[in-house]
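Asker: return atomic coordinates for the entry below.
(chains A and B)
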Amino acid sequence: KAGVTQTPRYLIKTRGQQVTLSCSPISGHRSVSWYQQTPGQGLQFLFEYFSETQRNKGNFPGRFSGRQFSNSRSEMNVSTLELGDSALYLCASSLGAGSTDTQYFGPGTRLTVL
Amino acid sequence: AQSVTQPDIHITVSEGASLELRCNYSYGATPYLFWYVQSPGQGLQLLLKYFSGDTLVQGIKGFEAEFKRSQSSFNLRKPSVHWSDAAEYFCAVGASVTGGGNKLTFGTGTQLKVEL
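Answerer: Here you go, the predicted model:
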């Protein structure tokens, strides 16, 4: 079974632009979560989606948004990019949205903001 | 609020030596605990998890961890380290209360270097 797929793997943007990242979960998984990883702040939870509904949101500004489609694929969007948004963005999928559902992580999208 | 502390930022061990990575958590109830490993340029791979029951859990790649409620710890161990174990290791806590979702709170990670 294919793992979690994230596209693109690398992205370079300039300040003020917006960006959309995509995540395709493992087949049959209905929950998708997003995390931001930076050297300074570590791994931080962004949001969690299950059956197209956002169930949980981390402490990030409104410039960060996401959605989930009926096929469980998810996208996250960052508007008005800032230098501090440079990070590795990781997506994780799980069968359900319970806390005992193991999350499987994708390889991440490396975003660089210039 | 839940939190995780990994006191060791870097650890260096010789190949074949034993390994213990420390993890302390803060959570109001019995936590769900995880250890993940991340190799350079890769995502996170689950090594093992603890939900309840036996406090000594076995994982993949020969790793094990022991949940100690009295010490709020969940240390990761391996009896004999291989050069391929060099990576960054993350401890995480998940919500065990109903409605908590599957949000994970991660520690800051421990970078493991293996000397040949």
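Asker: the residue most central in space within chain A: which element?
Answerer: Centrality entry for chain A: nearest residue to the mean C-alpha point is A:Trp34, 3.3 Å, by Cα atoms, centre = their mean. For A:Trp34, the host element (DSSP states H and E) is strand A:31-38.
Asker: try A:Asn77
Answerer: Per DSSP H and E: strand A:74-78 holds A:Asn77.
Asker: identify each buried residue in that strand, please.
Answerer: A:Ser74, A:Glu75, A:Met76, A:Val78 (16 or more other Cβ atoms under 10 Å in any protein chain shown). From N, CA and C alone the C-beta is placed, and that goes for glycine too.
Asker: number of nearby residues for the closest residue to the first one other than its chain neighbours?
Answerer: What that stands for is A:Ser74. Excluding its sequence neighbours, the residue lying closest to A:Ser74 (Cβ to Cβ, 6 or more residues apart in numbering or on different chains) is A:Val32, at 4.1 Å. Neighbours of A:Val32 under the rule other Cβ atoms under 10 Å in any protein chain shown: 30.
Asker: just B:Glu115 next, same as before
Answerer: So B:Glu115, with other Cβ under 10 Å, has 11 neighbours.
Asker: before we move on, what about B:Tyr50?
Answerer: 20.
Asker: in the sheet, who's paired with it?
Answerer: Per DSSP bridges, the residues bridged to B:Tyr50 are B:Leu33.
Asker: looks like it contacts B:Lys68 (just checking).
Answerer: No: look at B:Tyr50 against B:Lys68 with Cβ atoms under 8 Å: they stay out of range, at 10.8 Å.
Asker: okay, and the common contacts of the two?
Answerer: Applying Cβ atoms under 8 Å, 6 or more residues apart in numbering or on different chains, one finds that B:Tyr50 and B:Lys68 are jointly contacted by B:Phe74.
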